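Fold the following, please.
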Amino acid sequence: MKKTHLAQAAAVAAALALVTAGCSAGGTNVGSTDQPKAVQSKLTLDPTGKQSTGPAAEVSGAQQGGTLDLMWRADHPHYDPAKVYTAPDDGTFRLINRRLTVFNQHDDGSMALVGDLATNTGEASDGGKTWKYTLKDGVKYADGTPIRSQDIKYGVERTFDPTFATGPKWVQLWLAGKDDFSSVYPGPFGGQELGPDKIETPDDKTIIFHLAEPESDFPFAASMSETVPVRKDKDAKPADLDANGLGDMATGPYKIGAHEVDKTLTLVRNPNWDPKTDPVRHQYLDQIHFQFGVMAKQQTDQLKADTDPSAASYYSGIDTDQVQAILQDPKLKQRTVDAETNSVQAFAINTARVTDVNVRKAIATAFPKQDVVTTQGGPFFGNIATTLSPRNSVGYSAQPNPYGVGDNGDPQKAKQILTDAHQLGYKVNVAWDSTPTADRWGTPIKRALEAAGFEVNLNPVPDKGFYDAVGRLNNPFDLIWNSWGPDWPTNRTVYSAVYYGGAVKDEGNNYAQLKEKAVDDEINRVQAIQDIDAQGKEYMPLDQLIQRDYAAAIPLVYLRKQLMFGSKVGGARMDAISLSLDLTTAYIKK
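Model prediction:
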């Protein structure tokens, strides 16, 4: 048994040491009069399968029936599981598409990784290079077809095709053993399969992954959309699966009933979902209806008035201009979830375009963090960040500004750097995900950078498809807003995902396009440390290296969020992973 689960020990040890700031790992304030507080969080895995059986524990007071009306500013950019990666999308699709493993989030802030389609969180051998999963009895697609291990293998194979580069990449990287995993295997659409040296499916219920190197984090990666089963006979080959194509392939308690692009999405009950196999999800609601294109102010106005008591904000926080008044109103605060999240908002500096490191340092030196945060609601938006990883990461410690300036920057000091570099008048194209609230920060950014001697062009990018636009290698932007939360609660999915040279690819996540051997070598060195507490502490000097020596990114804020809901919505809490309303616990009061 020790050998079987040895590779999981490091991940468990890391999680047990996890301290979350502001309840970001599942404990959220609902109707509290207090600020979000730090809580001790614990994460466990379930190699024995004792926690992986269903049905899920009942939500106190939950009732059956009704429609939950959700408001969200934009449609999901992708419906194909191979491309589902951004936080709000993952929250929706975890309700539709089951995976090998899944996080079970508890109200006390603790989390357990459990088997979802699999009977447990995996059986490791060969020092953690080999991971075996067995599918549960009775798991089916929405049309009643049994889910087979070969479908999960095919789902993984699809993610190797460059067509699906926007999705998570951990399983592909670890199977291939190299950053350019598509060169090892191009995907299944030319008729090729991953051989048994990579994935075995000896029968319909067993799947075995053979990794290039030991990976104790593999059970966490198995919770991502990479392991969503896809039926080969239902695939679009190689085009994206759309909402209609996903209908019969739903495996969770809900399936897509109707979808009008950019307008509405309706989820209906999946008749072939068996609660006895699911340790996390419920099917309390008859329907879940999304209304897209509703901005934060309109959402807040409607929810304040409680015109639709069965409505809620799905992902958008409370309107910036109203958040303080709402949180000071006892009745309205009772219908608000308030938490510091595990997400860090930052501005990446595109090193492929801004090649002079002194110009990048001047941008970072001038950047007015305090003024930017103030435009978004000040402390209700979050605390000013000093690191590129969240405060709930193992080994986190506050870091000084690498340029010796305060939270609001120093344009004059930046101007001297720019003058010494003979770059006065350097043109900077600033890009961000455009919303009425986010658009406000363009003014202080432009003012500070122009005071430092830059020419500034502001580029608010339309919301839908924003990450696709800024993820392209040839994008025209120099200073790029982005928001990143770990895929699971370690920094393994921060620095190697966002700042590693191998992550520089079209529609990738290295928005700074940073390719520096010193950074890559340090990432590899830190990730090789087996003691997780020691490893976590070593990420802080790495963080400073990325900021101080290469000026590749400017951390902005440890994001705090408030979600509002109607008076008939029960079970409201924030999903600690997707930072959206948790759809696994919500119900409608009679």
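
which stretches of the chain aren't confidently modelled?
1-42, 530-532 (pLDDT under 70).

could I get the strand ranked longest in it in PDB with only the CA atoms?
Among the elements of type strand in the chain, defined by DSSP state E, the one spanning the most residues is strand 336-349. Extracted in PDB, the C-alpha atoms of strand 336-349 (Å, rounded to 0.1, in the frame of the first residue of the first chain):
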ATOM      1  CA  THR A 336     -24.400  38.100  -0.800                       C
ATOM      2  CA  VAL A 337     -21.500  35.700  -0.800                       C
ATOM      3  CA  ASP A 338     -18.200  37.500   0.000                       C
ATOM      4  CA  ALA A 339     -14.700  35.900  -0.200                       C
ATOM      5  CA  GLU A 340     -11.100  36.500  -1.100                       C
ATOM      6  CA  THR A 341     -10.500  34.100  -4.000                       C
ATOM      7  CA  ASN A 342      -7.500  32.100  -5.100                       C
ATOM      8  CA  SER A 343      -7.100  34.400  -8.200                       C
ATOM      9  CA  VAL A 344      -4.400  37.000  -8.800                       C
ATOM     10  CA  GLN A 345      -5.000  39.700 -11.400                       C
ATOM     11  CA  ALA A 346      -1.900  40.900 -13.000                       C
ATOM     12  CA  PHE A 347      -0.600  42.800 -16.100                       C
ATOM     13  CA  ALA A 348       1.900  40.800 -18.200                       C
ATOM     14  CA  ILE A 349       4.500  42.700 -20.100                       C
END
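
Okay, the closest residue to K237 other than its chain neighbours and R158: tell me how far apart.
Once flanking residues are discounted, K237 sits nearest to F189: 5.7 Å by C-beta to C-beta, 6 or more residues apart in numbering. Just so you know, the C-beta spots here come from the backbone N, C-alpha and C atoms, and that holds for glycine as well. F189 sits 8 Å away from R158, going by C-beta to C-beta, to the nearest Å.

any residues in contact with both of the two?
By the contact definition C-beta atoms under 8 Å, 6 or more residues apart in numbering, F189 and R158 are jointly contacted by P238.

Neighbour count: these two, which is higher?
More neighbours surround R158 than the other of F189 and R158, with 27 against 15 (other C-beta atoms under 10 Å).

Who are the contact partners of the more buried one?
Residues touching R158, when contacts are defined by C-beta under 8 Å, 6+ apart, comprise 82, 164, 187-188, 230, 235, 238.

ok, 7 Å please
Contact criterion C-beta atoms under 7 Å, 6 or more residues apart in numbering gives 82, 164, 187-188, 230 as the residues in contact with R158.

Mind splitting this protein into its structural domains?
Taking automatic domain parsing as the domain assignment, the record places the domains of the chain at 42-286+565-588, 339-561.

Can I get these in JSON lines including distance to Q302?
As requested, those are exported to JSON lines (distance: least, C-beta to C-beta, whole Å):
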{"stretch": "domain 42-286+565-588", "distance to Q302": "7"}
{"stretch": "domain 339-561", "distance to Q302": "16"}
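
mind checking which of the ones you listed is nearest S310?
Distances from S310 to each of those were compared using C-beta to C-beta; the shortest belongs to domain 42-286+565-588, at 4.9 Å.

Strands along the stretch 351-500 of the chain, start to end?
Read by DSSP state E, counting those that start in this stretch, the stretch 351-500 of the chain holds these strands, from start to end of the chain: 382-384, 427-433, 455-461, 479-484.

Please identify the deepest-packed of these.
Ranked by mean neighbour count under mean count of other C-beta atoms under 10 Å, the strands of the stretch 351-500 of the chain are led by strand 479-484, which reaches a mean of 23.

Against P462, how distant is the closest residue to F292 other than its chain neighbours?
Spatially, and ignoring its direct neighbours in sequence, F292 is nearest to D75 (4.6 Å; C-beta to C-beta, 6+ apart). In this structure, D75 and P462 are 12 Å apart, going by C-beta to C-beta.

neighbour count winner among those two?
Taking other C-beta under 10 Å, D75 and P462 do not tie; D75 has more neighbours (21 against 10).

that's a helix at that one, yeah?
No: secondary structure assignment places D75 outside any helix; it is coil (DSSP: H, G, I helix; E, B strand; the rest coil).

How about the contacts made by it?
Taking C-beta under 7 Å, 6+ apart as the contact definition, D75 lies against 261-262, 292, 464.

Separate out the buried members of these.
When neighbours are counted using 16 or more other C-beta atoms under 10 Å, the contacts of D75 contain these buried positions: 292, 464.

With secondary structure and distance to M564 as extra columns, can I get the contacts of D75 in a markdown table?
Putting the contacts of D75 into a markdown table (DSSP: H, G, I helix; E, B strand; the rest coil; distance: C-beta to C-beta, whole Å) gives the following:
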| residue | secondary structure | distance to M564 |
| --- | --- | --- |
| V261 | coil | 26 |
| D262 | coil | 23 |
| F292 | strand | 18 |
| K464 | coil | 23 |
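
Nearest to D126 among the contacts of D75?
Distance to D126, by C-beta to C-beta, is smallest for K464 among the contacts of D75, at 43.7 Å.

measure that closest one to P88 for me?
Summarising the geometry, the distance separating K464 from P88, computed by C-beta to C-beta, is 12 Å.

Buried ones in stretch 385-405, by neighbour count?
385-396, 399, 401-403, 405.

correction: stretch 103-110
Buried residues in stretch 103-110 (16+ other C-beta under 10 Å): 103-105, 109-110.

Redo these as a markdown table? Include distance to I207 and secondary structure.
Written out in a markdown table, the entries for the buried residues of stretch 103-110 read as follows (distance: C-beta to C-beta, whole Å; DSSP: H, G, I helix; E, B strand; the rest coil):
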| residue | distance to I207 | secondary structure |
| --- | --- | --- |
| F103 | 20 | strand |
| N104 | 22 | strand |
| Q105 | 25 | strand |
| G109 | 32 | coil |
| S110 | 28 | coil |
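
could those residues be laid out in a markdown table, adding distance to Q64?
Shown next, in a markdown table, are those (distance: C-beta to C-beta, whole Å):
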| residue | distance to Q64 |
| --- | --- |
| F103 | 25 |
| N104 | 21 |
| Q105 | 22 |
| G109 | 28 |
| S110 | 27 |
